[in-house]
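A.B. asks: Here you go, sequence then predicted model.
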Amino acid sequence: MRQFRVQRAIVLVRERLNTIGLIMGVILSLAAAQDASAELTAKANHDRVKVGFFYHGSSVSVRGVSDPGTDLIVKIASPEQHQMLRKKGKIGGVLWMNVGSITLEQAPAAYFLGSTKKIGEILSGDEMDRNAIGYEALAKRAKLDPAADEQEKAKWFGEFVKYKESSHLYSAEAGKVTVVEKDGKQEYYILMDWPYQAAPEKYTVTVYAAKDGKVIETAEANVLVEQVGIVKSFADMAKNKAALYGLISILAALAAGFGVGMIFRKGGGAH
Amino acid sequence: MYLYLPVALTSINILIPVGLGLAVGLLSGLFGVGGGFLMTPLLIMFGIPSTVAAATDSNQIVAASTSGTYAHWRIGNVDFKMGLILLAGGFIGGLFGVEAIKVLRATGNADFVIKITYVLMLGVVGIYMFFESLASMKKAKTEEVKAEKESGLGRFLKSLPLQTHFEKSGVTHSALIPFIFGGFVGVLAAIMGVGGGFLMVPVMVYILRMPMHVVVGTSLFQILFNCIEVTFLQAYTNHNVDFILAVLLLVGSTIGAQVGAVFGRKLKGEQLKIILAVIVLVVTVKIVFDLTLSPSMLLSQGGGH
């Protein structure tokens, strides 16, 4: 019941943000109409994702206007960062266990793509590489260590993507961009599920308008995922007041253990 | 209903940790083990990062073992004197274990040694307990248990200094025995990164010859202190304790521990031992499968240790 109410509340907020987004989009498109060379616009409806106590993921939509006849790609990515993962390997040809780790540089922790059609049909390989669109482009850009040769790098990057996809942090088909022609302009819209696994971070939304295999325009927006309320208090305390946090955790556990013990005794236990 | 866990950075259906807590708390109250060897892998299975799972579990065990110790103390099953000596040995052993880990990490095959130690320990303890309790169940049916003959080892143990009578357990040992074996468990527990309840219980049963019901209560007592120490270190140095997750777990585990303590009184010592042996063996088999079957993924979350 409560969950239902909370979800409803989120939907309402989202709808309101949608309206604001729509208005903003219109304003932006009006502004853009005066400047013919920069027509592409992008606006994320839900540019602040608040991670509270009952957070279970959200959704993010992006809308804007573009030149008629262009295809669109929407990319949402975290900043590139240093990442370390444990690596499994075979020991003695029989036993699978952790055998060291790999580190990645210049790869985003989270990465979502949506487009009007298959990206391979929209852009040439070079263009994808240049704009870091698609897993292959990411693989070329990333630095992976240790990797003795290209083949090994490809293998471990493939495993990296597999791991990320299973954690819902990478998706090359996060949603379909829909377009509507209106007054000689093209309005586009995409709605993506936003996974709760995506860490608090400032995410960059990049919209690419493409024609004849080339990116002709880009526009940017941001999605800020931030912890709020009790979640933020606990996360901050665990990090910044670690000793106090540890003591409180222990005292709470002791109190709970004794408390439940007392309740059971009062309840006419074994005696 | 879903709650967001501020340190694990993930969302979880509250029924999962409460249910897991209940089940593992029940085992804790029944057998005097912390249950880390069950809880940590289960939490990882439900999407909790491995480092947070282990740290938070130790916080949860503080609550479960407080609840369990309290329940066992009320029915006279805690040997505080024995518990404190084991604890002192365990503490010193833990310090050596941590150093041993450092040496192992420097040689580069720590994971291999840890995994193999773990599997062997679980396997040996499980198999020994299983057959021993099976044999004593059979014996109990046909004849009264005869007074055991004193072995050479027994005579040696009796000749050690600091002979002490442990009233609650009804045994007399040199205080050095629980201290040394407590230390031995402490070393292994630190190397394997587990609480060591599954090792401490057989040590108390087979080496210290304590009655099973007192073993359970006393084991919980010393697990409580171990886990307080581990929780603090994890929170202070690694920032890996998730308070919300711990609270959800302990709601179930404190109640489970009480139920386990009450239920355990209705079972005989041999029955308790054989069930624990089966659980330990099942976990061993599961780890052996994990080691030999090809994993679906070759990478896992890094960080921590």
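C.D. replies: On my side now, so go ahead.

A.B. asks: What residue in chain A comes nearest to chain B?
C.D. replies: Nearest to chain B in chain A, going by C-beta to the nearest C-beta, is residue A:257, at a distance of 2.5 Å. Where C-beta positions appear, they are placed from N, C-alpha and C, glycine not excepted.

A.B. asks: I'd say that residue and residue B:71 touch.
C.D. replies: No. With contact defined as C-beta atoms under 8 Å, residue A:257 does not count as touching residue B:71 (9.7 Å).

A.B. asks: Pick out whichever of those two has more residues nearby.
C.D. replies: Counted by other C-beta atoms under 10 Å in any protein chain shown, residue A:257 and residue B:71 do not tie: residue B:71 has more neighbours, with 30 against 27.

A.B. asks: May I see the buried residues of the lowest-mean-pLDDT helix or strand in chain B?
C.D. replies: None of the helices or strands of chain B scores lower by mean pLDDT, DSSP states H and E than helix B:152-159, at a mean of 74. Neighbour-count burial for helix B:152-159, counted by 16 or more other C-beta atoms under 10 Å in any protein chain shown, picks out residue B:157.

A.B. asks: got the CA positions of it in CSV?
C.D. replies: Extracted in CSV, the C-alpha atoms of helix B:152-159 (Å, rounded to 0.1, in the frame of the first residue of the first chain):
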residue,chain,number,x,y,z
GLY,B,152,48.3,-41.2,25.5
LEU,B,153,47.2,-37.8,24.3
GLY,B,154,44.7,-37.6,27.2
ARG,B,155,47.5,-38.5,29.7
PHE,B,156,49.7,-35.8,28.2
LEU,B,157,47.0,-33.2,28.4
LYS,B,158,46.4,-34.1,32.0
SER,B,159,50.1,-33.6,32.8
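
A.B. asks: thought residue A:44 was touching residue A:61?
C.D. replies: Yes. Counting by C-beta under 8 Å, residue A:44 sits close enough to residue A:61 to count as a contact (7.1 Å).

A.B. asks: ok, back up a step: between residue A:257 and residue B:71, what contacts are shared?
C.D. replies: Residues within reach of residue A:257 and of residue B:71 at once, by C-beta atoms under 8 Å, 6 or more residues apart in numbering or on different chains, are residue B:257.

A.B. asks: which stretches of chain B aren't confidently modelled?
C.D. replies: B:108-109, B:140-151, B:303-305 (pLDDT under 70).

A.B. asks: contacting residues for the closest residue to chain A within it?
C.D. replies: The minimum distance from chain B to chain A, using C-beta to the nearest C-beta, falls at residue B:66 (2.5 Å). Counting by C-beta under 8 Å, 6+ apart, residue B:66 touches A:253-254, A:256-258, A:261, B:224, B:254.

A.B. asks: Which of these fall within helices?
C.D. replies: A:253-254, A:256-258, A:261, B:224, B:254 (DSSP state H).

A.B. asks: Nearest spatial neighbour of residue B:34, chain-adjacent residues omitted?
C.D. replies: residue B:195 (3.9 Å; C-beta to C-beta, 6 or more residues apart in numbering or on different chains).

A.B. asks: What of residue B:88?
C.D. replies: residue B:179 (6.2 Å).

A.B. asks: Counting by contacts, list what the one helix or strand the one you found maps to packs against.
C.D. replies: Assessed by DSSP states H and E, residue B:179 sits inside helix B:176-192. With contacts taken as 3 or more C-beta pairs under 8 Å, 6 or more residues apart in numbering or on different chains; DSSP states H and E, helix B:176-192 sits against helix B:80-107, helix B:110-142, helix B:197-202.

A.B. asks: any idea which helix or strand comes after the lowest-mean-pLDDT helix or strand in chain A?
C.D. replies: The weakest-scoring helix or strand in chain A, judged by mean pLDDT, DSSP H and E, is helix A:2-34 (a mean of 40). For helix A:2-34, the following helix or strand on the C-terminal side (DSSP H and E) is strand A:43-44.
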